[in-house]
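Asker: Structure for this input, please:
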Amino acid sequence: MNIIIAGMRPDGSLSEQVRQAAKSASAVVLQTSLVGSSEPGFVYETLDGIYNGAEDFDSLVESACAFLLRDGLLFIALGDLCHNRIAAALARRINDTGGSVHVIPDGTPALCSALAAGLIDGGTGVCVHSASTFSRVDDTGLVLVINEIDSRFKASELKLKLAAWYGDEYPVYLVDTRSALGENILLCQLDGAALYGYYTSVVIVPCQASKTRFTFADLLDVMARSRSRNGCPWDREQTHATLKRYLIEESYEVLEAIDDDDMEALADELGDVLLQVVFHARIAEQQGEFDISDVTTAICRKMISRHTHIFGDAVASTPQDVVNNWEQIKKNERGQQTQTDVLRSVPKSMPALMRSGKVQHKAAHVGFDFPNVAQAMDKLKEEISEVEAASGEDALTEECGDLLFSIVNVVRLYGIEPETALQKATDKFIARFAQVEKLAAERNVDMHTCGIDILNAMWSEAKAAEMNAE
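Answerer: Residues are numbered from 1 along each chain as shown. The predicted structure is shown next:
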């Protein structure tokens, strides 16, 4: 089977080369009628009827390809061939069956050659560069075309730049645009061709599975495919509510990576948090609520509006000045009239320890704070006495809450993050408990029945060993 694919110009006219090809073709099909132009001077069919009967674009492409698979046919596509899904799908199917596709160039010759080889998926965006000016990959989700590879040295330079994003084994399409002859090679072979010249180009088609590095656009594409009709069943059924726990879990794993000073783990865990952001944005987009550009727009606007010392005429010479400006701007943005409004805006969904510290911190902005740690300690002792004197579950619950709140105040005034301090204390307890359990096993002591005095003795022993080790 042999088919010619050509494009019509933006004004609906046809080149003389296309007209000559139409005269020798067994049949000519226009993607749509030539609106606003003179008769083309040959007999033709159109896909107008298929457009009118298609339920969606996927079914349109299927029906159009089925109609077009005829030997000796000239298919005249609307506009740029390299962005035409019907032309691309037709070229791939003919190549898959061993047929021949000839493309009459209409646009970037390298792209037309790639279309003829069935490499380009219709609808995929294209980014075109010159080898002399190309520096980096901005979006690996686009078809990348680099023209004018006129020397082996330039090809070698280009190979190194591209390998950082695609890897040495990534398949690329090297083409001589004068003859439209191309070959599929690996990226590592880019500087091994027999000849190079002004007409030498390389076409790189997106393929997530083969990449070694990915961009934000790739992540959006992966998520879109996962949530698509033919994507992942688990991903498709998730909602904002079902994903809540994962955002919290992933955030804590980021904190753990920071505490461990593990930069490789931090990069990985930040990716997990970013996935949650993209996940929620994709769900919202599918429900017609907002999309990822609304998310990035909101945060950029917030950063600009609250950094008036950078993007405006405000002055902030110290970190505390920045914090004060930020808090005042945020208060104005939210229409908060009093500091009580500010305190109430701290989310109740926060862990209680974190929420109490944040409320205390915001109260301190208007001077409502202990002047020193000593006075906070006195308050803590007072709360301990009140817990000891409390009777009844309700009273005890209230006084214990006051006690915990006072402890957070003391820790905060020491300049220590309460959540971090408690996490470290919990880790320390687990480590010492492990040593107690080990000692008990070595001495055949039953921890269930030996009594607290023996357990405390082993705890002290474990603590002493830990301090000696330091």
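Asker: ranges for the strands of the stretch 151-300 of the chain?
Answerer: Remark: strands assigned in the stretch 151-300 of the chain by DSSP state E, counting those that start in this stretch are 171-176, 181-186, 200-204.
Asker: most packed of the ones you listed?
Answerer: strand 200-204 (a mean of 25; mean count of other Cβ atoms under 10 Å). (Each C-beta comes from the backbone N, C-alpha and C, glycine too.)
Asker: Kindly export that one (C-alpha atoms) in PDB.
Answerer: What follows is strand 200-204, C-alpha atoms only, in PDB (Å, rounded to 0.1, in the frame of the first residue of the first chain):
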ATOM      1  CA  THR A 200      21.100  17.200   9.000                       C
ATOM      2  CA  SER A 201      18.500  17.100  11.800                       C
ATOM      3  CA  VAL A 202      17.500  14.900  14.700                       C
ATOM      4  CA  VAL A 203      14.000  14.300  16.000                       C
ATOM      5  CA  ILE A 204      13.400  13.100  19.500                       C
END
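Asker: And the average pLDDT for that strand is what?
Answerer: Taken as a whole, strand 200-204 has an average pLDDT of 87.
Asker: what angle sits between it and strand 171-176?
Answerer: 160 degrees (axes from the mean of the first three to the mean of the last three Cα atoms, to 10 degrees).
Asker: what are the pairing partners of strand 200-204, and which direction each?
Answerer: Here strand 200-204 is paired, per DSSP bridges, with strand 143-147 (antiparallel), strand 171-176 (antiparallel).
Asker: If you average pLDDT over each of those strands, which is lowest?
Answerer: Among these, strand 143-147 scores lowest, at a mean of 83.
Asker: Would you pull up how far it lies from the middle of the chain?
Answerer: 23 Å (Cα atoms, centre = their mean, to the nearest Å).
Asker: Would you mind telling me which of the strands paired with strand 200-204 is nearest Arg412?
Answerer: strand 143-147 (52.2 Å; Cβ to Cβ).
Asker: could you dump the closest one to PDB, C-alpha only?
Answerer: Once non-C-alpha atoms are left out, strand 143-147 reads as follows in PDB (Å, rounded to 0.1, in the frame of the first residue of the first chain):
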ATOM      1  CA  VAL A 143       8.800  16.400  20.200                       C
ATOM      2  CA  LEU A 144      12.200  18.000  20.000                       C
ATOM      3  CA  VAL A 145      13.700  18.800  16.600                       C
ATOM      4  CA  ILE A 146      17.200  20.100  16.300                       C
ATOM      5  CA  ASN A 147      18.300  21.300  12.900                       C
END
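Asker: Low-confidence regions, the stretch 51-200 of the chain specifically.
Answerer: Applying pLDDT under 70 to the stretch 51-200 of the chain flags residues 79-83, 105-126, 139-141, 180.
Asker: can you pull out the helices in it?
Answerer: Secondary structure of the stretch 51-200 of the chain (DSSP state H, counting those that start in this stretch): helices at 57-68, 85-96, 109-116, 152-166.
Asker: what would those helices look like in JSON lines with distance to Thr177 and mean neighbour count?
Answerer: Output for the helices of the stretch 51-200 of the chain, formatted as JSON lines (distance: least, Cβ to Cβ, whole Å; neighbours: other Cβ atoms under 10 Å):
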{"stretch": "helix 57-68", "distance to Thr177": "26", "mean neighbour count": "16"}
{"stretch": "helix 85-96", "distance to Thr177": "17", "mean neighbour count": "21"}
{"stretch": "helix 109-116", "distance to Thr177": "4", "mean neighbour count": "26"}
{"stretch": "helix 152-166", "distance to Thr177": "15", "mean neighbour count": "17"}
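Asker: Domain ranges for the protein, per the record?
Answerer: For the chain, the structural domains run 1-121, 125-213, 216-290, 419-469, going by automatic domain parsing.
Asker: could I get those as TSV with distance to Val322?
Answerer: Output for the domains of the chain, formatted as TSV (distance: least, Cβ to Cβ, whole Å):
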stretch	distance to Val322
domain 1-121	47
domain 125-213	32
domain 216-290	22
domain 419-469	22
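Asker: Identify the residues contacting the residue nearest to Ile258 when sequence neighbours are not counted.
Answerer: Nearest residue to Ile258, sequence neighbours excluded (Cβ to Cβ, 6 or more residues apart in numbering): Leu266, at 6.2 Å. Neighbouring residues of Leu266 by Cβ atoms under 8 Å, 6 or more residues apart in numbering: Val254, Ala257, Ile258.
Asker: What about the nearest residue to the first one once chain neighbours are set aside, how many residues nearby?
Answerer: Leaving aside its sequence neighbours, Val254 sits nearest to Glu269 (Cβ to Cβ, 6+ apart; 4.5 Å). In terms of burial, Glu269 registers 20 neighbours under the definition other Cβ atoms under 10 Å.
Asker: what's the closest of the domains of the chain to Ala314?
Answerer: Of all the domains of the chain, domain 216-290 sits nearest to Ala314, with 29.3 Å by Cβ to Cβ.
Asker: From one end of the closest one to the other, what's the distance?
Answerer: End-to-end span of domain 216-290 (Cα to Cα, to the nearest Å): 18 Å.
Asker: Please report how far the residue nearest to Ile258 lies from Glu256.
Answerer: Distance, Leu266 to Glu256, using Cβ to Cβ, to the nearest Å: 9 Å.
Asker: ok, now Pro418?
Answerer: Counting by Cβ to Cβ, the separation of Pro418 from Glu256 is 17 Å.
Asker: Between the two, point out the one with more neighbours.
Answerer: Pro418 (20 against 14).
Asker: for the more buried one, what are its contacts?
Answerer: Pro418 sits next to Leu353, Met354, Ser356, Gly357, Ile407, Val408, Val411, Arg412 when contact means Cβ under 8 Å, 6+ apart.
Asker: among those residues, which ones are buried?
Answerer: By neighbour count, with 16 or more other Cβ atoms under 10 Å, the contacts of Pro418 hold Leu353, Ser356, Gly357, Ile407, Val408, Val411, Arg412 as buried.
Asker: wait, is the third one part of a helix?
Answerer: Yes. When classified by DSSP: H, G, I helix; E, B strand; the rest coil, Gly357 is found to be part of a helix.
Asker: Pretty sure it sits against Arg412.
Answerer: Yes. Counting by Cβ atoms under 8 Å, Gly357 does reach Arg412; the two are 5.5 Å apart.
Asker: Can you show me the helices along the stretch 351-470 of the chain?
Answerer: Using DSSP H, counting those that start in this stretch, helices in the stretch 351-470 of the chain cover 352-364, 373-389, 393-413, 418-442, 452-469.
Asker: Dump those into JSON lines; add mean pLDDT and distance to Leu47 as well.
Answerer: Converted to JSON lines, the helices of the stretch 351-470 of the chain look like this (pLDDT from 0 to 100; distance: least, Cβ to Cβ, whole Å):
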{"stretch": "helix 352-364", "mean pLDDT": "88", "distance to Leu47": "61"}
{"stretch": "helix 373-389", "mean pLDDT": "93", "distance to Leu47": "78"}
{"stretch": "helix 393-413", "mean pLDDT": "93", "distance to Leu47": "70"}
{"stretch": "helix 418-442", "mean pLDDT": "91", "distance to Leu47": "63"}
{"stretch": "helix 452-469", "mean pLDDT": "89", "distance to Leu47": "78"}
